[in-house]
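Student: show me how the following folds:
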Amino acid sequence: MIHTMKLYRLLDEDSRITYAAEADDGTFRRIEGDIFGEYSVTDKPIRATKMLAPVAPPNIFALAGNYRSHIEECNAAVPEYPIIFAKATTSVIGAGSEILLPAVGPDHVDYEAELAVVIGRTCRDVPAAAAGEFILGYTVANDVSARDWQKRVSQWVRAKSFDTFCPLGPCIATDVDPSDLHLTTTLNGQVMQDASTADLIFSVPQLIEFISADLTLLPGTVILTGTPGGVGAARSPQVFLRPGDTITCKIDDIGELVNTVK
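Tutor: Okay, here's the model as predicted:
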């Protein structure tokens, strides 16, 4: 049986950014080396003073319309090819940090829980059958979206890239099978999304093959694989994030990504 390792990026007692692995007793052990190269988990305990996003990605690619349930609630057609857009790296925050409603569009901010892939080493033109060789692990993402801005222009980068609009965490889980993971979103304790990654239209290997065609993926690149049905904009009445809300995105075998809204 393959053992899943959970890698955390955090501030230690001396306010230094470091990686640590979660031990069986829930404590952290310092990692030495480069998680994108050679590294080892030491027996040195470490106390986290702040949890950070588990990766500082050089690029973020995201998928639209990649769950059948989301396609249905949006009354859209199943795409022939993966629909890719980008999110700014400056939108990344970690678990426990606040999602800030932007002053230029605070009233229609939506949640989207997603399985996120973290690329482990530089690759290009990767066939789907070999995709697993280039994956470091998986984390939980919330593709926060300003729906009003998303409708105003044909390109979604602005609507998806306001500061704090890409919570990631709480960890990178290695050796996880992404084909059938249970995913939920709760807003102030109420379940809003409840699905399985088995509902993905394009699988993780297919996405890596498609995105990496003639395009170099660098270590730490994050791929958000899409969100299932249950988003706030598709509900009647619509549900959007408000100050004081707590939004929790959870994926089995990885963990819970919890953020408050300000």
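
Student: my read is residue 158 is in a helix, agree?
Tutor: Yes: Residue 158 forms part of a helix when assessed by DSSP: H, G, I helix; E, B strand; the rest coil.

Student: neighbours around it, how many?
Tutor: Counted with other CB atoms under 10 Å, the neighbours of residue 158 add up to 16. From N, CA and C alone the C-beta is placed, and that goes for glycine too.

Student: shaky segments in the chain?
Tutor: Where the chain drops to pLDDT under 70, the residues are 1-2.

Student: from memory residue 249 sits against residue 143, does it?
Tutor: No: taking CB atoms under 8 Å as the definition, residue 249 is not a contact partner of residue 143, at 9.6 Å.

Student: which neighbours do the two have in common?
Tutor: Each of residue 114 lies in contact with both residue 249 and residue 143 under the rule CB atoms under 8 Å, 6 or more residues apart in numbering.

Student: at the geometric centre of the chain, which residue do we find?
Tutor: residue 141 (2.3 Å; CA atoms, centre = their mean).

Student: residues contacting the nearest residue to it once chain neighbours are set aside?
Tutor: Nearest residue to residue 141, sequence neighbours excluded (CB to CB, 6 or more residues apart in numbering): residue 116, at 3.9 Å. By CB under 8 Å, 6+ apart, the residues touching residue 116 are 138-141, 168, 222-225.

Student: do the same with residue 48
Tutor: Residue 48 sits next to 8, 10-12, 20, 28 when contact means CB under 8 Å, 6+ apart.

Student: so the residue nearest to residue 141 is in which element?
Tutor: strand 113-119 (DSSP states H and E).

Student: ditto for residue 81
Tutor: Going by DSSP H and E, residue 81 is not in any helix or strand.

Student: over to the one 4 residues further on?
Tutor: Per DSSP H and E, residue 85 falls inside strand 83-86.

Student: show me what the helix or strand following that strand is packed against.
Tutor: Per DSSP H and E, the first helix or strand lying C-terminal to strand 83-86 is strand 92-93. If you count contacts as 3 or more CB pairs under 8 Å, 6 or more residues apart in numbering; DSSP states H and E, strand 92-93 packs onto strand 166-173.

Student: now for the residue lying closest to residue 219 once chain neighbours are set aside, how many residues are close by?
Tutor: Leaving aside its sequence neighbours, residue 219 sits nearest to residue 36 (CB to CB, 6+ apart; 3.9 Å). Using other CB under 10 Å, residue 36 has 16 neighbouring residues.

Student: next, residue 36: secondary structure please.
Tutor: coil.

Student: list the contacts of it.
Tutor: So residue 36 contacts 120-121, 136, 219-220 (CB under 8 Å, 6+ apart).

Student: of these, which belong to strands?
Tutor: Under the assignment DSSP state E, the contacts of residue 36 contribute residue 136 to strands.

Student: mind listing the helices for this structure?
Tutor: Here the chain has its helices, by DSSP state H, at 68-73, 147-152, 157-161, 204-212.

Student: hmm, back to that, okay, and the beta partners of the residue nearest to the centre of the chain?
Tutor: Here residue 141 sits in beta bridges with residue 114, residue 168, going by DSSP bridges.

Student: how much space between it and residue 95?
Tutor: 11 Å (CB to CB, to the nearest Å).

Student: could you tell me which residues touch both of these two?
Tutor: Going by CB under 8 Å, 6+ apart, residues that sit against residue 141 and also against residue 95 are 167, 257.

Student: contacting residues for the residue nearest to the centre of the chain?
Tutor: So residue 141 contacts 113-116, 166-168, 222, 224, 249, 257 (CB under 8 Å, 6+ apart).

Student: just send those back as CSV, with distance to residue 64 too.
Tutor: Formatted as CSV, the contacts of residue 141 follow (distance: CB to CB, whole Å):
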residue, distance to residue 64
113, 15
114, 11
115, 15
116, 15
166, 15
167, 18
168, 18
222, 16
224, 10
249, 17
257, 20
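
Student: good, wrapping up.
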